[in-house]
Structure formats: C-alpha cells, structure tokens
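Q: Next come a sequence and a model predicted from it.
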Amino acid sequence: MATIDAGAATGRIVIYRHSLLVRLSHWVNVFCMTVLLFSGLQIFNAHPALYWGQYGADNDPSFISMEAVEDGDKAKGLTHVGSLTFDTTGFLGLSEVDGEASARGFPDWLTIPSYQDLATGRRWHFFFAWLFVINGFIYLAYGLFSRHLRRDILPAGSELAPAHIGHEIVNHARLRFPKGAEARHYNTLQKLTYAAVIFLLLPLMILTGLTMSPGFNAVAPWLLDVFGGRQSARTIHFLTAFSLTAFVVVHVAMVILSGVFNNLRSMITGYYAIEQEDRQ
Amino acid sequence: MSRIITRRRFLIGATMTASALGLSGCDAIVESDRTKSVLKIAEGFSMKTQRFLLGDDALAREFTEADLSPVFRANGTSMPDNPQYLDWMNRQFSTWKLEVGGLVDKPMQLSLAELKALPARTQITRHDCVEGWSAIGKWTGVPLGALLKTAGLKPEARYIVFHCADEYEKTLDGSGWYYESIDLVDAFHPQTILAHTMNGRDLEVAHGAPLRLRVERQLGYKQAKYLTRIEAVADLGRLYGGGGGFWEDRGYEWYAGI
C-alpha cells in the first residue's frame, strides 16, 4: 500500500481542516450562543408561559408554563405542557436561590444575571444577538465566496442515498468513526446536521426573534403571518433554542467520543490528525 | 516548554472559561459599569437600524374585532393612590385637565370633554409587555401630532415627555413618579394617539383612565397611563433619573421597539 506522506509511518497524517475564518466564527458563535441562551432564559423567566397566536397573557390558555404553588407548608414547582403537569421542584418553577426556595422559571445557574433582572438580561441578549448576526453574515459570505458551504457542508447527491445514510447511522451508533480518506471530509450525517443548524435553526432563531419586536413588525408585517403571530413566534423561538441546545449536547458528545484533543485542536489551530485505514 | 503543551494549556483554559460562563457565576461582570456601557451600544444600533428600515410612517399591524383579547391584562399601577387622582376619579374626571406645555408656542389645558370632541382615530393593535406577553385592544383617541400642531412646537423641541398621576414607587425624593418620553418621529406617527376610549368604552382606571398614550411600534412600558401633562423638551437629561422614563431610569431601553 502506498504511503501518503511521512506521517503514515506512524499510522496518522495531519491535514489542515478548518480555515481561520471558520475557526474564528465558530468560537464567536460558541460565545454568542452561550450568552444568548442564558440571557434568553432570564427573559423567559419574566413571564414563564408560552402561547400560540397573535396574543397571549395570564388569562389566555398557555401550552407550556411554569409556576410555583403552595403545597401544605412548603411550595413546589410545577411545569405544565399541554394538559400534562410535572413536578419539577428544584429545577423549573421553583428552585433554590442562596438556600431559599424561590419562584422562578429556570434556576439561577441557567440565567444571566443569576438573579431576576429582566432589563439586564435584555441588554445582554440584544448585544450578543447583534454580534451573532454579524458573525453569521461574515461566515455565510465567506462560505459562499470560498465555496466552503458547497464543498464542506452541503451533501452531494450520492451521499444522500438511503443505503449510504443507513450505513453511516450504523457506524455512528457503534461509535465507529471514519478513518483515512473518508475522515478528510464531514460525513453525511454531519453535513446534514450542520446544514440544518446553519440554514434552518439559526435563521429561525433570528426571524422569530425579530417577529417579537413591535418595531420590526411594522417593517415586515408578513413575518407575523409566517409564524402565526407574535406569541407563536415567541414559542417557536423557545423551541428552536431548545433544539439548538440539544444539537450542542450531541455535538459536544461526538467531539469527545471521536477524539476530544484532535477535534479541539483542529477547531483552534486548524490541524486535524487522521488515522490511516486499518490494514488488512 | 513544547508547543503542544502550550496549546494543550490553551485548550484547557478556553474550556474552563466557557464553563465558567456557562455557570453564569459572573454577576460581577454583569454589574460593572464598563460592561453596561458596552452593552448599551446595542440599543442605539437597534434603533438606528429599525428607524432606517421603518421610515417614519410604517404602521403597526392593525387587527380586527375578532382578534381582541378576551381579557386585556392590566399591568403596572391599576389604581393610583394619590389624593388628587382619587378626587378626579370620584368626579368622573370632570375636573381633570390635560396640560400641554414646555417648548410650545401656545400652552393649552384640555378637559376630557374637549379631548373627546376632537377628531379621533380608532385602531385595534397589539400591546406587547416587555415581559413577553401580548394583548390586543381597540383604542380610540386624539392623534398626538394634531394636538402638537395646534400647540405649535418650538424649533428646539426634540422630545415629548408624558407626566402621569401615578407614583409607581414611593420615594422620599419623588423620583418614583411614572413618566415616559418619545421623540418627534413617534410623536407625529399617525398611530400615536392619546387614548380616552378602549374597546368602545371609557378607559378604565386599571388601564390608565382618563387618558393614556399609545405608541404602537414600541413596548408596553412606553404606553404611559394616567396622563396629566405633556411637555415638549430639548433634552431628557434633566428629568428625574435622566433616562427619559420610569423604567428607563431603572435599566430598560429608552427605544423600546424590540
């Protein structure tokens, strides 16, 4: 078998995987999305209920809500989802702040700032929303111009064949990660996931966020029709944030399982080591 | 020290920073004045962008009777407790007057009956609380722009301030009176009205009787209730906390379009 370069003698080669701009925008995104999530939960806590439609307030039916209720001489936290009610004492609806049980949607370790302060939560949210949007536009412009999106993110037709995807799912489930030439590119599941995040979830976050703005409603009233109203947009904003959080959990798990040092190094320095294919 | 260890240290450092942020145990950063002034940049940016996209006269969405909230939540003060207000209320606001003053050529005083006799605009719009909830109501009132034209703004007037009969927070220095302000773009916007009628009936006390402001492209806290005096000013710095509104003096954005 022909060796690819000198590194092959040790069974691995190092390739330049992520360009500087991709790396920078990735970490700016990590920072922005972290702040946006935790300041977003602060904002949510100001009115921990979600509705569907143009309007929604205390007297209207909500389909997700959190509350603290009295339970004998104690209190408990309840989370309602549709007609279901869950006791979420200690986490949602009621949690400890400095050792004292407090009525709040999400607990203090998930909000910026930790104490209830809507005004500050909004300041952080909107500042980092701007940073996030600017960062996103720079990434997209670069991605189009450098063909990064087409080359690295969008799956080729052949990659979308059910047999190919099925094969990848089996490999993923067994935590068998690609080696050799295949490891030079994202696999199809990665491409599909990243494409969904870049082209669906993140734009959805921005658009539903804008739909909650009374000023922007006057600029683009059609957004209200697209999402079915401001309160629907608020709900979709929350659910999409939840989906993005789920993505990050899986993403970080895969980073750890497929070689945490190699992956982190590649997203910081650009260089990624590839194991050679097993020799038969 | 080899390069790889430096990088490894960097990675560990980066991971620790990220997790510290995740714990949001950074209230010290949150509370620093430096941080606050940097974050404030976003407000100006949002306002300039929205104003650029909006132009001056883009309208807020207007709804139909079918869209009205069955119950319109009353927020903030629902019953001002100052004696003057109670006296007005007990007389069905027949002795109440709206004062229009400050940087105007013709200061005016208008009774509720005089305001109701003026040409009015009716609009069904959505009220968005900064907390996140919304309610749809039907408002009838006098376009603020028409009133300001009658009073005649002096050239140096830049903002319109709304004083209210509502001491929202009891303080010794009187800094807890509710007030609000908007600039001339919003003051002359066709949907900016002084509403005396809500859902076809006299404005209720809980919703700001006898007169409240509607600025439909901004959040709920701009919709000042219990109006007593409108003042045209050149700048907002000298009033109360200098932020241009009760909530603005307590950290909220003056431009509440988002």
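A: Cool, the structure landed. Numbering: from 1, shown residues only, chains lettered A, B, ... in the order given.
Q: Low-confidence bits of the stretch 151-258 of chain B, can you list those?
A: By pLDDT under 70, the stretch 151-258 of chain B has no low-scoring segment.
Q: Correction: the previous question concerned chain A.
A: Along chain A, segments meeting pLDDT under 70 span A:1-10, A:277-280.
Q: element containing the residue at minimal distance from the centre of it, please.
A: By CA atoms, centre = their mean, chain A has its centre lying nearest to A:Leu244, at 2.4 Å. Following DSSP states H and E, one finds A:Leu244 within helix A:230-257.
Q: That helix and chain B, are they touching?
A: Yes - on the criterion CB under 8 Å from any CB of the partner chain, helix A:230-257 is in touch with chain B at A:230-231, A:234. Where C-beta positions appear, they are placed from N, C-alpha and C, glycine not excepted.
Q: List the residues that contact the residue nearest to B:Gln50 when sequence neighbours are not counted.
A: Spatial nearest neighbour of B:Gln50, excluding adjacent residues (CB to CB, 6 or more residues apart in numbering or on different chains): A:Gly215 at 4.3 Å. Counting by CB atoms under 8 Å, 6 or more residues apart in numbering or on different chains, A:Gly215 touches B:46, B:50, B:54, B:217-218, B:257-258.
Q: any idea how far A:Gly215 lies from A:Leu189?
A: Note on A:Gly215: its distance to A:Leu189, by CB to CB, to the nearest Å, is 40 Å.
Q: again with A:Gly136
A: To A:Leu189, A:Gly136 is 23 Å away according to CB to CB.
Q: A strand includes the residue nearest to B:Gln50, no?
A: No - A:Gly215: not assigned to a strand; according to DSSP: H, G, I helix; E, B strand; the rest coil it is helix.
Q: Which parts of the chain are helices?
A: Picked chain A for this. Per DSSP state H, chain A carries helices over the ranges A:20-45, A:118-145, A:148, A:162-173, A:188-196, A:202-211, A:214-219, A:222-227, A:230-257, A:260-268.
Q: hmm, I had chain B in mind actually
A: B:3-22, B:27-31, B:33-39, B:41-54, B:83-90, B:112-117, B:144-151, B:184-187.
Q: mind putting the ones you listed in CSV, mean neighbour count included?
A: What follows is those, written out as CSV (neighbours: other CB atoms under 10 Å in any protein chain shown):
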stretch, mean neighbour count
helix B:3-22, 12
helix B:27-31, 14
helix B:33-39, 12
helix B:41-54, 16
helix B:83-90, 14
helix B:112-117, 15
helix B:144-151, 18
helix B:184-187, 19
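Q: Out of the ones you listed, which is closest to A:Ser102?
A: Distance to A:Ser102, taken as CB to CB, is lowest for helix B:27-31 among these, at 15.6 Å.
Q: residues touching B:Arg214, list them.
A: B:Arg214 makes contacts with B:123, B:125, B:139, B:141, B:191-195, B:223, as judged by CB under 8 Å, 6+ apart.
Q: show me the contacts for the residue positioned nearest the centre of chain B.
A: Taking CA atoms, centre = their mean, the centroid of chain B lies closest to B:Lys222, which sits 1.1 Å from it. Neighbour list for B:Lys222: B:180, B:182, B:213, B:215, B:245, B:256 [criterion: CB under 8 Å, 6+ apart].
Q: and the gap between the nearest residue to the last one once chain neighbours are set aside and B:Glu253?
A: If I follow you right, that is B:Ala256. In space, not counting the residues next to it along the chain, B:Ala256 is nearest to B:Leu219; the distance is 3.9 Å by CB to CB, 6+ apart. B:Leu219 is 9 Å from B:Glu253, where distance means CB to CB.
Q: more crowded one of those two?
A: Set B:Leu219 next to B:Glu253 and count neighbours by other CB atoms under 10 Å in any protein chain shown: B:Glu253 wins out with 27 against 22.
Q: State the distance from that one to B:Ser46.
A: Noted for B:Glu253: a distance of 8 Å to B:Ser46, by CB to CB.
Q: got it, and B:Leu147?
A: Distance from B:Leu147 to B:Ser46, by CB to CB: 29 Å.
Q: mind listing the strands for the stretch 51-200 of chain B?
A: With strands called from DSSP state E, counting those that start in this stretch, the stretch 51-200 of chain B shows them at B:97-102, B:108-111, B:121-128, B:134-143, B:159-167, B:177-183, B:193-198.
Q: which among the contacts of B:Arg214 end up buried?
A: Those of those that meet the buried threshold are B:123, B:125, B:139, B:141, B:191-195, B:223, by 16 or more other CB atoms under 10 Å in any protein chain shown.
Q: for chain B, what are the nearby residues on the stretch 1-150 of chain A?
A: Residues of the stretch 1-150 of chain A lying close to chain B by CB under 8 Å from any CB are A:27, A:30-31, A:34-35, A:38, A:43-44, A:46-47, A:49, A:51, A:54-60, A:108-115, A:117-120, A:122-124, A:126-127, A:129-130.
Q: Kindly recompute the last result at 6 Å.
A: Within the stretch 1-150 of chain A, the positions near chain B by CB under 6 Å from any CB of the partner chain are A:34, A:38, A:46-47, A:54-59, A:109, A:112-114, A:119, A:123, A:126-127, A:130.
Q: count of neighbours near A:Arg147?
A: Neighbours around A:Arg147, by other CB under 10 Å: 10.
Q: now it: how far from chain B?
A: From A:Arg147 over to chain B the distance is 29 Å, taken as CB to the nearest CB, to the nearest Å.
Q: Distance of that residue relative to A:Ser19?
A: Counting by CB to CB, the gap from A:Arg147 to A:Ser19 is 11 Å.
Q: so what sits against both of these two?
A: Counting by CB atoms under 6 Å, 6 or more residues apart in numbering or on different chains, A:Arg147 and A:Ser19 have no shared contacts at all.
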